[in-house]
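# fold the following.
(one chain, ligands or ions: 1)
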Amino acid sequence: MSNPAVTVIGLGEMGRALADALITAGHRTTVWNRSASKADDLVARGAVRARTVEEAVLASPLILVCLLDHDVSDAVLRPVADALRGRTLVNLTNGTPAQARTAEAWATGHGVAYLDGGIMAIPSTVATPQAFVLYSGQQEHFDAHRQTFEALGAAKYLGADAGIAALYDLALLSAMDLMFDGFFHSVAMATSHEEGSAAGFTELLVPWLTNMAQVLPAFAADVDSDAEPVVVQGLDVVLAGARNMAQASRDAGVRADYFDHSAAALEKQLAEGLSTYTAPEAVRRLRTAS
Ligand code: NAP
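Next comes the predicted model:
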């Protein structure tokens, strides 16, 4: 037990996985949860059960928080500001960049070192090579506890702006959610056929998406560059595809809203005189769509 003491506040599915990883890594781990019984298994594995949030905070120099949302973390932490003074608070609760910056300002005002974080894992992958956790805030706070953070998954420091971990976390989740929505849409289409099964179709979809993901770095290079984009498709070809996907969806009894919207946006671009479909243009269109 030579590793630094850590407190985990919030023992939902994710908080329990974090505390478990810290116990495994040899940290004296103090835990608190509103429903105290969720600590039972962890206590059996060596965790210390705190009876109050204040007791939990006072037990360790490093406090990890993993609660439902920032409203809950504010409600739990603000009454114990005095106990937090001089300690490091890492809020791994999912939230927006603005919430992270507000939390940092509050913490700094109370003499608390603050980092915000985003957990890119599910409970079963915490502390495995698949897991990584994003952190942002003052680098000295990150450097001071980096070794402890590595027990949860690869620790990735993104910068001094406390909001950037939340921004990247939500951007990564947005890509995941849109991929899942795309999956559900494609399965609805494929299984509209009497011979279609979701499992059979997915055997084709996974390698297809895996191959297409390989294009993303080339798209990204085009977005970052001021030079002419390298990955270019004809706008008319992309539009014809969008119209076909909309029509085939409708014919299969599946909603076509996404592709109708997409086709309308591409038609507008063609009318504006554009002839190519590129990643920088696709990103620009989203930026100005709000
Ligand atoms: P969860 O299992 O629903 O746990 C929610 C936690 O918040 C519990 O500790 C719960 O306490 C607590 N809580 C809720 N309302 C409260 C209140 N009013 N006062 C005090 N405590 C309250 O959720 P989770 O999956 O652990 O998620 C926790 C955070 O991790 C979220 O921000 C989530 O986005 C993030 N995350 C989760 C995953 C995942 O795969 N699960 C992945 C990445 C990030 P009780 O036990 O007393 O209800």
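# where in the stretch 1-150 of the chain is pLDDT low?
For the stretch 1-150 of the chain, applying pLDDT under 70 flags the ranges 1-2.
# checking the residue in the stretch 51-200 of the chain that the ligand sits nearest to next. Helix, strand or coil?
Distances between the stretch 51-200 of the chain and the ligand by CB to the nearest ligand atom are smallest at N94, namely 3.2 Å. Where C-beta positions appear, they are placed from N, C-alpha and C, glycine not excepted. For N94, the assignment made with DSSP: H, G, I helix; E, B strand; the rest coil gives coil.
# tell me the contacts of it?
Counting by CB atoms under 8 Å, 6 or more residues apart in numbering, N94 touches 69, 118, 166, 169-170.
# show me the subset of the residues you listed that also lies near the ligand.
Residues of the contacts of N94 in contact with the ligand (CB under 6 Å from any ligand atom): none.
# and which of the residues you listed is nearest R146?
G118 (16.2 Å; CB to CB).
# so that closest one sits right up against D169, yeah?
Yes. The pair G118 / D169 is scored as a contact, 2.7 Å apart, by CB atoms under 8 Å.
# how near is the residue in the chain positioned nearest to the ligand to K38?
Nearest to the ligand, among the residues of the chain, is G12, at 1.8 Å (CB to the nearest ligand atom). Separation of G12 from K38 (CB to CB, to the nearest Å) stands at 7 Å.
# equivalent analysis for Q138, please.
For Q138, the distance to K38 - CB to CB - is 32 Å.
# and what of T108?
31 Å.
# these two: which is more packed in?
Taking neighbours as other CB atoms under 10 Å, T108 and K38 compare with K38 leading, 17 against 14.
# got phi/psi on the more buried one?
Note on K38: its backbone torsions stand at phi -70, psi -10 [degrees, to the nearest 10].
# just give the closest residue to it, not the sequence neighbours.
Nearest residue to K38, sequence neighbours excluded (CB to CB, 6 or more residues apart in numbering): L11, at 4.2 Å.
# is it correct that that neighbour is in contact with L42?
Yes. Using CB under 8 Å, L11 is in contact with L42, at 7.1 Å.
# who's more crowded, these two?
For L11 and L42, the more surrounded residue by other CB under 10 Å is L11, and the numbers stand at 28 against 23.
# could you pull out the helices in the stretch 151-290 of the chain for me?
Taking DSSP state H, counting those that start in this stretch as the test, the helices found in the stretch 151-290 of the chain are 164-190, 198-213, 216-224, 235-251, 257-271, 279-287.
# residues contacting the most centrally placed residue in the chain?
Nearest to the mean C-alpha position of the chain, by CA atoms, centre = their mean, lies D169 at 3.1 Å. D169 sits next to 94, 118-120, 134 when contact means CB under 8 Å, 6+ apart.
# 7 Å instead?
D169 is in contact with 94, 118, 134, counting by CB atoms under 7 Å, 6 or more residues apart in numbering.
# what do you get for T276?
Contacts for T276 (CB under 7 Å, 6+ apart) come out as 232-235.
# just the ones of those in strands?
233-234 (DSSP state E).
# biggest separation within the contacts of T276, which pair?
Largest separation among the contacts of T276 by CB to CB: V232 and L235, giving 9.7 Å.
# more neighbours, the two?
For V232 and L235, the more surrounded residue by other CB under 10 Å is L235, and the numbers stand at 18 against 14.
# in contact with the more buried one, which residues are there?
266, 269-270, 274-277.
# of those, keep whichever come out buried.
By neighbour count, with 16 or more other CB atoms under 10 Å, the contacts of L235 hold 266, 269, 276-277 as buried.
# lowest pLDDT pick from those residues?
Going through those one by one, the lowest pLDDT turns up at Q269, 91.
# list the contacts for that one?
The contact partners of Q269, taken as CB under 7 Å, 6+ apart, are L235.
# likewise L209?
Residues counted as contacts of L209 (CB under 7 Å, 6+ apart): none.
# next one, pLDDT for it please.
Confidence at L209, expressed as pLDDT, is 98.
# from M176, how far off is it?
Going from L209 to M176 by CB to CB gives 12 Å.
# about what we covered before: just send the buried ones among the contacts of L235 back as TSV, with distance to L84 too.
Formatted as TSV, the buried ones among the contacts of L235 follow (distance: CB to CB, whole Å):
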residue	distance to L84
L266	52
Q269	52
T276	54
Y277	51
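# what does this structure put close to the ligand?
By CB under 6 Å from any ligand atom, the residues of the chain that approach the ligand are 10-15, 33-35, 38, 66-68, 72, 76, 93-94, 119, 122-123.
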